[in-house]
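Peer 1: generate a structure from the sequence data that follows.
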Amino acid sequence: MKLSPKKLWDKPWVRAICLFALISILLELSLFNFRHFMPMAEHYAVSKQNTTFISGFDASEEFLTSKSRTCEVEFSDINKRADNIYLDIETGADVRCFIYYKDEGSTGYYRDVPSIIVDSSVSRSLYIPMNLYGKAQSLKFRFEAQNDAPLILKGIELNRSVPFQVHPIRPLAIFLLLMFIWLFRPKSPLYSIKLNLKSIKQRAAVIAVIAFQFTIMLLIPLGSTSIDTGGQYQRLTDAFLEGRVYMKDIPDPKLEALENVYDYTQRDSVQAYALWDFSFYNHKYYIYFGPVPVLTAYLPYKAITGEHVESRYVYLAFAMLAIVGMFAIFKCLCQRFFKKCPLPVFLLLYLAIVNGSLLLFSLRGAMFYDSATASGLAFSTFGLWLLLESFKEGAISRKSNLVRLACSALLIALSVGCRPTFIFMAVFAVVLFAVEMIAKHRLKDGIKPYIMPCVCFLMPFILIGGALMWYNYIRFDSPFEFGAKYQLTLSDTRQYKITQLGRLPTGLFNYLFNFPSFNLEFPFIHPSYTPNYFRGYMFVYNAFPLFANLLPCALFGYVFFGKDMRKANRHGYFMGVGLLGIALLMCVMTIMFGGINTHYSEDFFWLFLLSASVAVIMCYEQAKSANTKKYLKAFVMSACLLGVLINIAVPLNNNFNWKMDDFIALRHIFAFWL
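Peer 2: The predicted structure is shown next:
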């Protein structure tokens, strides 16, 4: 049926689209370009006659050409207002510029302004706003280049008009933000739609949400080059193809002559060459991370193409699979325990889980460590989903459910072969299986109903576990040693003791509560300083805390409303508490054996968030008043939005592998006041 323009305009969504599109365009044409409209003093080109000091530049030609990475130039007797500075400069790469000035408020000495990164390929970075007291008397510039490419300074101008620039990404981002808030506002009619994934429309909505998440991942560009520190997994691939489990590198005689090869100070004192971050045992180098990523990704790729695959691509593939696995688990939980959950609540919580998991963090510099994490997540999420699916339909001894049980155990066992931390997921899976078997079968039925499910579920654990123990034994003479304690890094990890409980306060604070800082420096959300109160060696690196997200606040629901939750939905309550317990256990073990690092939090943050989502849905289903549900809807929408923003900001902080011209361009698009 064809709608007339009047009837079409009566549709609320049509009016919303038009209004938000208009607002986005107007903001782009006005606020985001406000520097173009700012009044400027008289334009002035600083001349060579003003030059009083030059260092690091070759001044023999018309332009100043750098002779070293650090160079300086000073201009005096300017006596003009400087509302902005334009650098007419050519750079081979990004250059950090330090500006010092004398004005009418400081005539006797130089003050400085915050340094800025400039790149001639990003024209907006060459316009630097200034806010001096009166006229500028003198200006001094120091340039620090990131490489040996020459820097050519053609001139410096004051009060040059900033060009008017339209960036489609800004109005698009504003439009999507406004549409998101409007669609999922607490009074939205969408909340009347109950979750029913048999509906084609709802399946389409789910596909759209997952596609949106994949798009975010792909829009955060992968690093320009591989930064695998030592090509560990690539080396292990070659070793497996040649029938070895050790590296063929011959150890440095200086290394073998040391009293303690694991002591970095001793190695450094004699300049002994060693493969960094490898295990060293019985005169051979080994890889102490699990072999499963190699067997499932690196080795097949090398066998088919003859080339090594870079870890960043392996990470991306497994991270995408993990995102799908998280959806499958959450869908299964909702279909089994929370049949009244509205579709928007389900989708928003799913996005909050995925984005709060910080999977995007490693995209900008994924190394073999990250491949191990992402592959473990992919295997464990799909394994847990299949386990839950096997409980859902009919008798657990049905052939289809037996196949699901076997595949579930196989995948979860493989996750342990990626990262040993996932052994706690295996324990959780075994407990779930045991509880389900006891719930569905009684001892009076005899042991027959138990036999086939137990065989199908436990056999893959036995086979994969046995293979991993054999792999450990032939390398380190112990079936339980993966090689981590023989690693060649900064300290002798053989001295680590699980009894050093002093690690826990520092670790738990940083993983959970060390809130990030918010400021005007792009990308606006930054990891805070990571304090270390452990008086001993502990690996500490900046970490984004769990409670930087809003969703984990729902975990306190288990404390304050646990009794009501248990009474209203006993099975859902114990599932949520179980997920929380496993998350805490994995967090504690990571602190004790690994340390503090945002990469490590990818193992268990999603479990905290999944447990928090269970708590939110239980509170929503028990809510008696419309006001309570309204607040919960607002909470879920805010948690999702904050999770997405943090997930985008986190990898932008991880900028050691960014092309700086891309980073600078993004910086000036979103920090439009610079």
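
Peer 1: what are the buried residues along stretch 667-674?
Peer 2: Residues of stretch 667-674 classed as buried by neighbour count (16 or more other C-beta atoms under 10 Å): R667, H668, I669, F670, F672, L674. Yep, even glycine has a C-beta here, placed from its N, CA and C like the rest.

Peer 1: just the terminal-to-terminal distance for stretch 187-205.
Peer 2: 20 Å (C-alpha to C-alpha, to the nearest Å).

Peer 1: how about residues contacting it?
Peer 2: Residues outside stretch 187-205 that contact it (C-beta atoms under 8 Å, 6 or more residues apart in numbering) are 182-184, 206, 331, 334-335, 338-347, 630, 633.

Peer 1: try it again at 7 Å.
Peer 2: L183, V206, K331, C334, K340, C341, P342, L343, P344, F346, L347, K633 (C-beta atoms under 7 Å, 6 or more residues apart in numbering).

Peer 1: surely the last one is in contact with I181?
Peer 2: To tie it back to what came earlier, the one meant is K633. No. Using C-beta atoms under 7 Å, K633 is not in contact with I181, being 11.9 Å away.

Peer 1: contact partners for V636?
Peer 2: Neighbouring residues of V636 by C-beta under 7 Å, 6+ apart: V345, L348, L349, V616.

Peer 1: does F280 count as helix, strand or coil?
Peer 2: Following DSSP: H, G, I helix; E, B strand; the rest coil, the label given to F280 is strand.

Peer 1: would you map the strands across the stretch 301-450 of the chain?
Peer 2: Read by DSSP state E, counting those that start in this stretch, the stretch 301-450 of the chain holds no strands at all.

Peer 1: re earlier: tell me which of the contacts of V636 fall in helices.
Peer 2: Under the assignment DSSP state H, the contacts of V636 contribute V345, L348, L349, V616 to helices.

Peer 1: can you list those residues in a markdown table and add distance to Y233, neighbour count and pLDDT?
Peer 2: Output for the ones in helices among the contacts of V636, formatted as a markdown table (distance: C-beta to C-beta, whole Å; neighbours: other C-beta atoms under 10 Å; pLDDT from 0 to 100):
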| residue | distance to Y233 | neighbour count | pLDDT |
| --- | --- | --- | --- |
| V345 | 40 | 28 | 96 |
| L348 | 36 | 26 | 96 |
| L349 | 34 | 27 | 96 |
| V616 | 38 | 25 | 96 |
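
Peer 1: biggest separation within the residues you listed, which pair?
Peer 2: Of all pairs drawn from these, the greatest distance, 9.5 Å, lies between L348 and V616 (C-beta to C-beta).

Peer 1: and which of the ones in helices among the contacts of V636 is nearest F604?
Peer 2: Closest approach between the ones in helices among the contacts of V636 and F604, by C-beta to C-beta: L349, at 17.9 Å.

Peer 1: which one's more surrounded, K633 and I181?
Peer 2: Per other C-beta atoms under 10 Å, whichever of K633 and I181 has more neighbours is K633, with 22 against 14.

Peer 1: check E393 and give its pLDDT.
Peer 2: pLDDT recorded at E393 is 62.

Peer 1: ok so, going back, who wins for most neighbours among the contacts of stretch 187-205?
Peer 2: For the contacts of stretch 187-205, neighbours were counted using other C-beta under 10 Å, and F346 has the most, 27 neighbours in all.

Peer 1: can you pull the phi/psi pair for the nearest residue to that residue once chain neighbours are set aside?
Peer 2: Spatial nearest neighbour of F346, excluding adjacent residues (C-beta to C-beta, 6 or more residues apart in numbering): L195 at 5.0 Å. The phi/psi pair for L195 (degrees, to the nearest 10) reads phi -60, psi 120.

Peer 1: count of neighbours near L195?
Peer 2: Applying the criterion other C-beta under 10 Å, we find 21 residues in the vicinity of L195.

Peer 1: quick check: T52 is in a helix.
Peer 2: No. Under three-state DSSP, T52 sits outside any helix and is assigned strand.

Peer 1: might you list the low-confidence residue ranges for the stretch 1-150 of the chain?
Peer 2: Low-confidence segments of the stretch 1-150 of the chain (pLDDT under 70): 1-4.

Peer 1: list the contacts for I646?
Peer 2: Counted by C-beta under 7 Å, 6+ apart, I646 has contacts N355, I525, A548, N549.

Peer 1: name whatever forms a beta bridge with the second one.
Peer 2: Under DSSP bridges, the beta-bridge partners of I525 are F518.

Peer 1: and it, what pLDDT?
Peer 2: I525 carries a pLDDT score of 86 in this model.

Peer 1: contacting residues for it?
Peer 2: P516, F518, I646, A649.

Peer 1: again, only this time at 6 Å
Peer 2: Shown in contact with I525 (C-beta atoms under 6 Å, 6 or more residues apart in numbering): P516, F518, A649.

Peer 1: can I get these in TSV with neighbour count?
Peer 2: Below are those laid out as TSV (neighbours: other C-beta atoms under 10 Å):
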residue	neighbour count
P516	19
F518	11
A649	19
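
Peer 1: ok, back up a step: and the buried residues of stretch 667-674, which of them are in helices?
Peer 2: R667, H668, I669, F670.

Peer 1: which of those residues lies closest to S269?
Peer 2: Distances from S269 to these, taken by C-beta to C-beta, are shortest for R667, at 43.1 Å.

Peer 1: contacts only, for that closest one.
Peer 2: Contacts of R667 (C-beta under 6 Å, 6+ apart): F522.

Peer 1: if I look at it, how far off is L27?
Peer 2: Distance of R667 to L27, computed by C-beta to C-beta, to the nearest Å: 19 Å.

Peer 1: what strand or helix carries the closest residue to V270 other than its chain neighbours?
Peer 2: Leaving aside its sequence neighbours, V270 sits nearest to K254 (C-beta to C-beta, 6+ apart; 5.0 Å). K254 belongs to helix 253-256 when assigned by DSSP states H and E.
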